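Participant: A predicted structure for the sequence below; I have some questions about it.
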Amino acid sequence: MRPEPGVRVTLINPHPEAQYSGMLPGLIAGHYSEEDTILDLFKLSQACGARFIKDKVIGLDPDKKTVLCARRGEISFDVLSINIGSQSPTPKNLEIKHGLGVKPIQTFQNKFQDALNKMRIEGRPKRIAVVGAGAAGVEVILATKHRLEDCSNETRPLSHRYFLVSSGKSILSEQSGKTRQIFEKELKKNQITLIQDFLVSSFERNTASTKDGRSIAADIFLWATGAVGPAWLKSSDLGITEEGFIRVKANLESENFRNIFAAGDIAHVRNHIRPKSGVFAVRQGPALTANLRRALQNKPLKDFRPQKRALAMISLGEKSAIATTQFFALRGSLVWRYKNFIDKRFIKKYSDLKPMPMEKSSGAKAPQSPEMRCGGCGSKIGPNLLRQVLAGLPMMSSSEIVIGLKKADDAAIVKAEPGKLGVHTIDHFKQFIDDPWTLGKIAVNHALNDVFAMGASPKSALAIVGLPLSAPKLMKNDMSLLMRGASEGLAENKTVLVGGHTNEADEINIGFSAYGEVEERAIIRKTGAVDGDLIIVTRPLGSGVLFAGAMKGLTKGRWISSTLQEMTQSNAYASNIFAECGATSLTDITGFGLVGHLSEMIQGSEEGATIFLEEVPFYDGAIPLAELGIESTLKPENIKIDHLATNKVKTSTKYQVCFDPQTAGGLLATVSAQAAAACLNNLIESGYLKAAIIGRISNVSGELRIC
Ligand SMILES: Cc1cc2nc3c(=O)[nH]c(=O)nc-3n(C[C@H](O)[C@H](O)[C@H](O)COP(=O)(O)OP(=O)(O)OC[C@H]3O[C@@H](n4cnc5c(N)ncnc54)[C@H](O)[C@@H]3O)c2cc1C
């Protein structure tokens, strides 16, 4: 974990966690919880001073030096390392509901769990087939049987039938004869039917067939059919094998492109072909790191010679396993315990991690010039960089924008719709996650929330962006990602970016001044609630706690991931729904937390409010983190707001999080008791899945009670 000066390391992965395959059979069998078997990529990146981007790479342009991400678009690189593992090859029409690929294993576990739940609900015996009789297939069928017959009381009485489908004459073709014999006996003992010489060539409904017309029917097919590379690599110019693996030299660099590396399952190393196994992948790690550093320093690369063979440990469903090489095979519970020890040690090594301080992290800043930079130009970012970034943005247009970014002038001019009132607002924050795209999108929501909270519709926005001084390439990358995220957010809200201002800053910051319009009669004020109204919130609380926890390395990647998902959702529909159901007051929750903003809603009125603590929704992870004493800097100030609560309530962690400041928080509305249930239903159906009725307006003037 030694950052390379001036280098930004970015890890791109569609999942915040990586499932450790060595423990997957144990997870399927029920010996481990999901938590025991995962590596938290968000925390790992924090500990390495790397940026984590939750996205899927779907393309590569080796000449342009860009990878194409599904959400964010292009991201440029100087040196690229592709370690995307492999996939199970399956017949083309596998996408039918009964098939489930073991690889990629990240997505397998959830789908497998869903399949088990479905079986439980249906409650009838099933035929379960695993296609592929290598180590993974054998482990998966034995583990599945163990899970269904020993662990799950709900399914135990059912006598499922199990099939292992092998394309060859036997199973475990890469293992010794002795190992094969042990496993063949094991399959018999478990009454698993072995179907040999069955190369699946098509798959229809729940039937797999061979070319010569033989077929097998099953309710669930699990595919553990070896490994291939993803389709998108084929359309890049990178040299790949027929199966789609990247051809690399012994130094792990692509055979036909400099500074593009590959390791693990996806790599096909010239003169060193090895089985697709984690043991070999892990050993390549240090050699890959060293060569990535050499490439960045323009030093000659070094070849890596992998070990010739590795000890395989294959589990038997129950807590027993076989350790095997070409020369021997040892079986028993002791082997399982040894495997369990190694696997747990591996997970622990990458779990007990502390975030790297910003000043140490890689690429945070390029070496600064010793001369002081003048701020006389408004500390603006260079015009070339800005022009390039803006040129790459999808420009929305509207007949109401008289002068905007397309025909830029000294200021933007927006046509006001006759009879409507203009709504102006501004909001701005500094970086709280190291992912500019998401930050840009959230900044839009954060600013537009104020427009929505007035019952208005946004029309245009001006951006204000601060970027730390670093290498021009890094600044351009950051600026494009920020503005692409923002553009997506603005487009979703039908809001046109009409201008902005950039400046140098110590850390990334971004905000928007938004303009919207509303008919006078449609304005929804912050005040106006009446006795008996119910209080509705559209999104959970606790983002402040989660980001405070992240700075200490305590927040899990999955919590951050689900929270960001909510924060990037626009409140536009919610605002419309509140307008339709005649909300009596409306605001958005930001820096003062739920209690602070609710107290503003009743200030100076005849009404009071009661919050029902048990009804308040919280982001995943907010309560466990708050229980550890994690709180945001603003919270101690927020809790001083006048309110009433019993001592018992005050000891509750949920009570504490009601004072947590929010970024891009939910809308908070009051709705008549008659309209509230329909309003809530409508919100949930429109995608505000955690929206909730959390309290009631009372007739005790100015009293805010939490119970
Ligand atoms: C059931 C099973 C059991 C196994 N047991 C063992 C064992 O006990 N011992 C052993 O040595 N090997 C085992 N293996 C093999 C082992 O899983 C692989 O060899 C190993 O995981 C390869 O490591 P990798 O880093 O190359 O790829 P992976 O571990 O597959 O990691 C690839 C990563 O890339 C990410 N990714 C994929 N596509 C994209 C994309 N387009 N954009 C961004 N990110 C992407 C994935 O999310 C994933 O995090 C097992 C395999 C299976 C299926």
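Facilitator: That came through fine.
Participant: From here on, just use CA atoms for contacts and neighbour counts.
Facilitator: Fine.
Participant: remind me, longest helix of this structure?
Facilitator: Using DSSP state H, we find that the single longest helix of the chain is helix 472-492.
Participant: Which strands or helices does that one pack on?
Facilitator: Contacts defined by 3 or more Cα pairs under 8 Å, 6 or more residues apart in numbering; DSSP states H and E place helix 472-492 against helix 383-391, helix 436-452, strand 496-504.
Participant: again, 6 Å this time
Facilitator: helix 436-452 (3 or more Cα pairs under 6 Å, 6 or more residues apart in numbering; DSSP states H and E).
Participant: so how far is the helix it packs on from its chain's centroid?
Facilitator: On the basis of Cα atoms, centre = their mean, to the nearest Å, helix 436-452 sits 18 Å off its chain's mean C-alpha point.
Participant: Quick check: closest non-adjacent residue to the residue in the stretch 401-550 of the chain that the ligand sits nearest to.
Facilitator: Distances between the stretch 401-550 of the chain and the ligand by Cα to the nearest ligand atom are smallest at residue 435, namely 15.3 Å. Leaving out its chain neighbours, the residue that sits closest to residue 435 by Cα to Cα, 6 or more residues apart in numbering is residue 53, at 6.2 Å.
Participant: burial count for the one you found?
Facilitator: By other Cα atoms under 10 Å, the residues close to residue 53 number 23.
Participant: What of residue 205?
Facilitator: For residue 205, using other Cα under 10 Å, the count is 15.
Participant: Backbone dihedrals for it, please?
Facilitator: phi 50, psi -110 (degrees, to the nearest 10).
Participant: Let me know the secondary structure of the most far-flung residue of the chain relative to its centre.
Facilitator: Distance to the chain centre peaks in the chain at residue 606, reaching 45.2 Å (criterion: Cα atoms, centre = their mean). Recorded secondary structure, residue 606: coil (DSSP: H, G, I helix; E, B strand; the rest coil).
Participant: what does the stretch 151-300 of the chain have sitting close to the ligand?
Facilitator: 264-266, 276-279, 281 (Cα under 6 Å from any ligand atom).
Participant: cutoff 8 Å now
Facilitator: Within the stretch 151-300 of the chain, the positions near the ligand by Cα under 8 Å from any ligand atom are 224, 230, 263-267, 275-282.
Participant: so which of those is the most crowded?
Facilitator: Within those, most neighbours by other Cα under 10 Å means residue 267, with 30 neighbours.
Participant: Report pLDDT for it.
Facilitator: If you check residue 267, the pLDDT there is 97.
Participant: Next, the nearest residue to residue 507 once chain neighbours are set aside: phi, psi?
Facilitator: The shortest distance from residue 507 to any non-neighbouring residue, by Cα to Cα, 6+ apart, is to residue 468 (5.1 Å). As for residue 468, its main-chain torsions (degrees, to the nearest 10) stand at phi -70, psi 150.
Participant: any idea how far residue 468 is from residue 677?
Facilitator: 48 Å (Cα to Cα, to the nearest Å).
Participant: For these two, indicate the residue with more neighbours.
Facilitator: Applying other Cα under 10 Å to residue 468 and residue 677 shows that residue 468 carries more neighbours, namely 19 against 16.
Participant: Any idea how many residues pack against residue 222?
Facilitator: 23.
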